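J.: Sharing a model that was predicted from the sequence below.
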Amino acid sequence: MEVSYYLKGLLLGFSIAAPVGPIGVLCIKRTLSGGIASGFISGLGTAVADALYGLIAAFGLTAISSLLLEYNFYLRLGGGVFLLYMGSKLFRSLPAARPVEAFAADRFGDFSSAFVLTLTNPLTILSFTAIFAGFGVGDTPGNYLLAAIMVGGVFSGSLIWWTLLSGAVGIFRSRFNQRKLSFVNIAAGITICIFGLISLASLWQ
C-alpha cells in the first residue's frame, strides 16, 4: 500500500511541475546561461515549495492553509510584481562572457527565487487538499504515515521533471553563443513579464 501511495504522489508531483509556466521558462534560461546545476537548483526550489504545500494539505494544517488562502490576493499580487521584476531584469541582462562565470552564479539565489515564486500561489493547497482527500490520507492520525509517503512522492515527481528539463536543455547549451544567449534573455524576460501581467490581471476577474 505504501508503494502505491508513493507512486500516486510521484505522478501528482510530476503532473503539477510539468506544465510550462514562469518557473519552467526561468529554469530553461538559467540552464542555458548558467549550466545544468543552475537550472536544476531552480527546479529544486520549486519542488521543495510543492512538497511544503503538499505537507500542509496532507496533514490537515488548516490554520496555516486558511491563513495563506486569506491572504491569497496579496500573495498573488506580490508574485505578479515579482515576475515583472524578474522578467525586466532578464530582459536587460547580458550573458556572461565566459561559461564559467555564469556557472559560478549564486545557487542560493537560484533556489530561493524559484521557491518564493512557487509559494506565491497558495491555491495549490486547494488542489492538494482535494486530491489527498480523494485518496483518503490525512483524515485520521493513523493515516499520517501514508500522508508523509505521498508528500515524498510529490517531491520526487516534481524533482524528476526538473532534472529531465534541465538535463535536456543542458544538452543543447553548447550550441548557444553570446548572441543567441542574448536573444534567450530577451525572450525569457518578455515571456516572464507576460506571465506576471496575466497573474496581476487575474486578480480583478
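T.: Received, thanks.

J.: Report how many residues lie close to Gly189.
T.: 20 (other CB atoms under 10 Å). Using the backbone N, CA and C atoms, a C-beta is placed for each residue, glycine as well.

J.: What sits closest to it if chain neighbours are left out?
T.: Phe91 (2.9 Å; CB to CB, 6 or more residues apart in numbering).

J.: From Val169, how far out is that neighbour?
T.: As judged by CB to CB, to the nearest Å, Phe91 and Val169 stand 20 Å apart.

J.: cool, Leu32 as well?
T.: 6 Å.

J.: more crowded one of those two?
T.: Leu32 (24 against 18).

J.: Assign Asn121 to one of the three secondary structure states.
T.: With DSSP: H, G, I helix; E, B strand; the rest coil as the basis, the three-state label of Asn121 is coil.

J.: doesn't Gly79 make contact with it?
T.: Yes - shown here, Asn121 and Gly79 form a contact pair, counting by CB atoms under 8 Å, at 6.5 Å.

J.: re earlier: could you check which helix or strand contains the residue nearest to Gly189?
T.: Element membership of Phe91 [criterion: DSSP states H and E] is helix 72-92.

J.: If you count neighbours, what's buried in that helix?
T.: 72, 75-76, 78-80, 82-84, 86-87, 90-91 (16 or more other CB atoms under 10 Å).

J.: Remind me what that helix packs against, helices and strands.
T.: helix 22-34, helix 107-119, helix 178-202 (3 or more CB pairs under 8 Å, 6 or more residues apart in numbering; DSSP states H and E).

J.: By mean pLDDT, show me the worst of the ones you listed.
T.: Ranked by mean pLDDT, the helices and strands packed on helix 72-92 end with helix 178-202 at the bottom, a mean of 77.

J.: and the angle for that one with helix 22-34?
T.: 160 degrees (axes from the mean of the first three to the mean of the last three CA atoms, to 10 degrees).

J.: Can you name the residues in contact with helix 178-202?
T.: 21-22, 25-26, 28-29, 32-33, 76-77, 79-84, 86-95, 97, 176 (CB atoms under 8 Å, 6 or more residues apart in numbering).

J.: and that helix, which residues are buried?
T.: Applying 16+ other CB under 10 Å to helix 178-202 flags Leu181, Val184, Asn185, Ala188, Gly189, Thr191, Ile192, Cys193, Phe195, Gly196, Ser199, Leu200 as buried.

J.: between the longest helix along the chain and helix 107-119, how big is the angle?
T.: Longest helix in the chain, counting residues (DSSP state H): helix 144-171. Helix 144-171 and helix 107-119 are oriented at 120 degrees to each other (the same axes, to 10 degrees).

J.: quick one: contacts for the residue nearest to Gly189?
T.: Phe91 touches Asn185, Ile186, Gly189, Ile190, Cys193, counting by CB under 8 Å, 6+ apart.

J.: any idea how far it is from Leu7?
T.: Taking CB to CB, one finds Phe91 at 41 Å from Leu7.
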